[in-house]
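**Student:** just coords:
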């Protein structure tokens, strides 16, 4: 692998509805999200969508704490490493989104206690971005107490970020720490401070107040990095935020329009075609994207799509056309984006990876009844070296159709 060092990237900032560098040059971020790495997700690893916390508890209960630590280090070294950052840069992308669980940085049972091993992992990722000329967006995918009811916020039971003053305090102080730690690193494009929050729409004022609080925590120590604010209801509702008080702020949404089709929840749907008894086409995607662009214009902030992706069914159901039409809409409106996701075990539902693992060894076990990460604890003692090798990108199969399409957009960078 080439060991290339790039000149220091210029800091990015917002300027009206655009992202610009220190020279004033407009920068459209086009890249990929590294889902499933620093925040494990069941479907990405071929299994049920268990909260990461539950998986780790069950693994430790079966094999013990030392085995869990050994597994964790092996997985993090293998699933993503410097090879991947170098490859992403070679594709022409200029950005990666780094989803992480707050537990990577802080021990769950020890508030305000630094997890130095986890921080080193995140530091390595940022350094690899810096070394290979990529910007990164730090995305807190799971916050203390959880910000939505789903597995991808590591939620067990009910989300308790918004209902607990202690969790809010931990969350705010974590971002203060991260801003202090990365304030001088220009490869960090900015901070995606809360992934896909979900709060009752009648209580959105509370989410706005939390955003203001965290923004102040960051700005007390770091005035240079962009703060990305996601909409309520899994990144969809932005209006409640209004015009941000902070001038170096961008809005972030997630784009999975026609969810039953995109995630393959309802089988044999095609695009263009009728879903929900509505005809869908490029024009439809443009129409549902336009209000977001209009809002961004109204409050004078850039727009970033942190996630866009589709479940791949061989390309026989219009998946490539859907992706192209949506990315063309982003290009039309000057919207930055990162594709979800870089790699995954091939799956029948949910958006999967540009790289897909298509084999079915004992620790994938598509035949069931237990699959993916639920098999890890039973397979680990016997197959740890084979498992670690299988997680490397070299053993995944690239989706060449999707790759060729995305590369055309990356080359615009």
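**Tutor:** Cool, the structure landed. Here the structure is a predicted model, which means the values were calculated and not measured.

**Student:** which stretches of the stretch 101-250 of the chain form helices?
**Tutor:** For the stretch 101-250 of the chain, the helices defined by DSSP state H, counting those that start in this stretch occupy 116-131, 165-182, 204-219, 232-235.

**Student:** report the contact partners of residue 257.
**Tutor:** Contacts for residue 257 (CB atoms under 8 Å, 6 or more residues apart in numbering) come out as 280, 284-285, 288, 326. Yep, even glycine has a C-beta here, placed from its N, CA and C like the rest.

**Student:** ok, residue 103 - how many residues close by?
**Tutor:** Residues contacting residue 103 under the criterion other CB atoms under 10 Å number 19.

**Student:** I'd guessed it sits against residue 142; true?
**Tutor:** Yes - counting by CB atoms under 8 Å, residue 103 touches residue 142, with 7.3 Å between them.

**Student:** please identify every residue contacting each of the two.
**Tutor:** Residues touching both residue 103 and residue 142 by CB under 8 Å, 6+ apart: 52, 154.

**Student:** mind listing what's buried along stretch 215-226?
**Tutor:** Buried residues in stretch 215-226, counted by 16 or more other CB atoms under 10 Å: 215, 217-219, 222, 224-226.

**Student:** list of residues touching that stretch?
**Tutor:** Contacts to stretch 215-226, defined as CB under 8 Å, 6+ apart, come from residues 11-14, 19, 172-173, 175-176, 179-180, 182-183, 188-191, 193, 227, 244-246, 248-250.

**Student:** how many neighbouring residues does residue 361 have?
**Tutor:** Neighbour tally, residue 361, other CB under 10 Å: 14.

**Student:** that one falls within a helix, correct?
**Tutor:** No - the assignment for residue 361 by DSSP: H, G, I helix; E, B strand; the rest coil gives coil, which leaves it out of any helix.

**Student:** correct me, but it touches residue 382?
**Tutor:** No - with contact defined as CB under 8 Å, residue 361 does not reach residue 382; the gap is 11.3 Å.

**Student:** let's have the contacts of residue 257 in JSON lines, adding secondary structure.
**Tutor:** Shown next, in JSON lines, are the contacts of residue 257 (three-state DSSP):
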{"residue": "280", "secondary structure": "strand"}
{"residue": "284", "secondary structure": "helix"}
{"residue": "285", "secondary structure": "helix"}
{"residue": "288", "secondary structure": "helix"}
{"residue": "326", "secondary structure": "helix"}
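
**Student:** so among the residues you listed, which ones count as buried?
**Tutor:** 280, 284-285, 326.

**Student:** so how many other residues sit close to residue 30?
**Tutor:** As a burial measure, residue 30 scores 24 neighbours (other CB under 10 Å).

**Student:** okay, and the beta partners of it?
**Tutor:** Bridge pairing for residue 30 (DSSP bridges) gives the partners residue 337.

**Student:** residue 95 is in contact with that one, correct?
**Tutor:** Yes - at 6.6 Å, residue 30 counts as touching residue 95 under the criterion of CB under 8 Å.

**Student:** give the residues shared as contacts by these two.
**Tutor:** By CB under 8 Å, 6+ apart, the residues touching both residue 30 and residue 95 are 336, 338.

**Student:** quick one, grab the pLDDT at residue 7.
**Tutor:** Note for residue 7: predicted pLDDT of 61.

**Student:** got it, and residue 362?
**Tutor:** 97.

**Student:** burial count for it?
**Tutor:** Residues near residue 362, counting by other CB under 10 Å: 13.

**Student:** for it, what are its contacts?
**Tutor:** Residue 362 neighbours (CB under 8 Å, 6+ apart): 375, 379, 383.

**Student:** next, the second one: secondary structure please.
**Tutor:** With three-state DSSP as the basis, the three-state label of residue 379 is helix.

**Student:** let me see the contact set for it.
**Tutor:** By CB under 8 Å, 6+ apart, the residues touching residue 379 are 362-363, 387.

**Student:** kindly indicate which of those lies nearest residue 267.
**Tutor:** Within those, the smallest distance to residue 267 is 27.1 Å, found for residue 363 (CB to CB).

**Student:** against residue 385, how distant is the nearest residue in space to the closest one that is not next to it in sequence?
**Tutor:** Closest residue to residue 363 apart from its sequence neighbours, by CB to CB, 6 or more residues apart in numbering: residue 379 at 4.1 Å. The gap separating residue 379 from residue 385 is 11 Å, by CB to CB, to the nearest Å.

**Student:** got it, and residue 157?
**Tutor:** Residue 157 sits 36 Å away from residue 385, taking CB to CB as the criterion.
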